[in-house]
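Trainee: I'd like to go over a predicted model; first the sequence, then the structure.
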Amino acid sequence: MCGVKSEPICMAATFLTPNRHGYSVRFSPYNPSRLVVATSQYFGLAGGGTLFVLELTPDGKIIEIQTHQWSDGLFDVVWSENDPNLAVSASGDGGLQLWDLSHSVGDTNSGAGGPERPPRILREHKKEVYSVDWSRTRTEHLILSASWDCTVKLWDPTRTQSLSTYTGHSQLVYNAMWSPHVPNCFASVSGDGTLKLWNSLNTQRASATLKAHDAEVLSCDWCKYDQNILATGGSDGLIRGWDLRNFTQPIFEQKGCEYAVRRIQFSPHNLSVLASVSYDFTTRIWDFKQSSEAIEVIKHHSEFVYGLDWNTHRQGQIADCGWDSLVHVFSPRCLAQMPS
């Protein structure tokens, strides 16, 4: 059994995003050594944003492959699930940017003159777009965007206008995530404290609504091994797990974060393991079948931790990023002790 540790990291690599504060980091689903990071100037309150494309080298370093500039802060980014050279970011001006990263891979663009090829823009939201997700089921290649204008929108990346708009949340929508198992199904969470489930073919109303926290809900994620389990993270510092077959009470509750849980993600390699990042400067590893407390606590940031991702190709490897302008790629010790 893993104990809670405060100095846990092995196989760590670090990259500095100068004068840019990290909001989101994602491993490529195609290349286990490639990452993309969405950042903002002035903590996202003003200024522009920079998209960093990074590479993990064989000797354990992180190098910059490309940078791309945007006129507003970038708050989230996700890779395409059907094109290894395409990523989509979300920004404070209400837009989505589809970046073609194929034209200059291997060449660093300092960004002084802007990107070599401007992104395609999808713009309908009235306020900041705080999350994007790309569908992972084989029958769909669609994007979800969640916005502070209280809506979620559905996009076909080949079209300039959204396919659908989903209303029903009464406050900011922080996160919307596709089910990795069930086509047309997604979840959204909001400042109104609710978790909503949707069928993307029905824009009239959510298929289910749950009061998930007595606080803002900032993040949600689906279990990768059970289509009925998903989790929520709130500004109350709690992570709660839910079974779609019975919404009356959470099936687990993870405690220990001192401040808001900014992002949660289930492990792609273990049913009951998930990771979280928090405003308490920590990244935590949890096993809801083992304990209601974290099995490992990593504190290698000196500011809010915003971005989090698991490497689907390398078991036990995680990336995070934060407002201290640091991106870390590391392997928590407790994950190395788990059976594959």
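Mentor: Arrived safely.
Trainee: can you give me how far stretch 195-203 is from the chain middle?
Mentor: Between the centre of stretch 195-203 and the centre of its host chain there is 20 Å, according to CA atoms, centre = their mean, to the nearest Å.
Trainee: what's next to that stretch, contact-wise?
Mentor: When contacts are taken as CB atoms under 8 Å, 6 or more residues apart in numbering, the neighbours of stretch 195-203 outside the stretch itself are 142, 152, 154, 164-166, 168-169, 184-190, 206-210, 212, 217, 220, 230, 232, 242, 244. Bear in mind the C-beta positions are built from the backbone N, C-alpha and C, glycine included.
Trainee: buried subset of those residues?
Mentor: Those of these that meet the buried threshold are 142, 152, 154, 166, 168-169, 184-190, 206, 210, 212, 217, 220, 230, 232, 242, 244, by 16 or more other CB atoms under 10 Å.
Trainee: Now do the strands in the stretch 51-200 of the chain.
Mentor: In the stretch 51-200 of the chain, the segments counted as strands under DSSP state E, counting those that start in this stretch are 62-70, 74-79, 86-91, 95-100, 120-123, 129-134, 143-147, 152-155, 164-166, 173-178, 185-190, 194-199.
Trainee: Give the buried residues for the fifth one.
Mentor: In this case it means strand 120-123. Applying a neighbour-count criterion of 16+ other CB under 10 Å, one finds residue 122 buried in strand 120-123.
Trainee: Paired strands for it, with orientation please.
Mentor: Partner strands and pairing direction for strand 120-123 (DSSP bridges) are strand 95-100 (antiparallel).
Trainee: quick one: the partner strand to strand 129-134, angle?
Mentor: Using axes from the mean of the first three to the mean of the last three CA atoms, to 10 degrees, the direction of strand 95-100 lies 40 degrees away from that of strand 129-134.
Trainee: How about residues contacting strand 95-100?
Mentor: The list of residues contacting strand 95-100 from outside it, by CB under 8 Å, 6+ apart, reads 51, 68, 70, 72, 74, 85-91, 115, 117, 119-123, 125, 129, 132, 143, 145, 155, 157.
Trainee: and if we set it to 6 Å?
Mentor: Contacts of strand 95-100 with the rest of the structure, by CB atoms under 6 Å, 6 or more residues apart in numbering, involve 68, 87-90, 117, 119-123, 145.
Trainee: cool, and stretch 31-48?
Mentor: When contacts are defined by CB under 6 Å, 6+ apart, stretch 31-48 is touched by residues 17, 20-28, 49-50, 52-56, 70-71, 73-74, 76-77, 87, 89, 311, 313-314, 321, 323, 327.
Trainee: Just the buried positions in that stretch, please.
Mentor: Taking 16+ other CB under 10 Å as the basis for neighbour counts, the residues of stretch 31-48 that come out buried are 33-41, 44, 47-48.
Trainee: so what strands line up beside the particular helix or strand that has residue 306 in it?
Mentor: Mapping residue 306 onto the secondary structure by DSSP states H and E places it in strand 305-310. Strands adjacent to strand 305-310 in the sheet, as given by DSSP bridges, are strand 318-322 (antiparallel).
Trainee: The partner strand to strand 62-70, inter-axis angle?
Mentor: Using the same axes, to 10 degrees, strand 318-322 lies at 50 degrees relative to strand 62-70.
Trainee: Kindly format the C-alpha coordinates of strand 318-322 as CSV.
Mentor: Once non-C-alpha atoms are left out, strand 318-322 reads as follows in CSV (Å, rounded to 0.1, in the frame of the first residue of the first chain):
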residue,chain,number,x,y,z
ILE,A,318,1.6,12.3,-15.6
ALA,A,319,2.0,15.9,-16.7
ASP,A,320,0.8,19.0,-14.8
CYS,A,321,1.2,22.7,-15.2
GLY,A,322,0.4,25.8,-13.1
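Trainee: Show me what the helix or strand just after it packs onto, helices and strands only.
Mentor: Elements were assigned by DSSP H and E; along the chain past strand 318-322, the next helix or strand is strand 326-332. Helices and strands touching strand 326-332, as assessed by 3 or more CB pairs under 6 Å, 6 or more residues apart in numbering; DSSP states H and E, comprise strand 9-16, strand 318-322.
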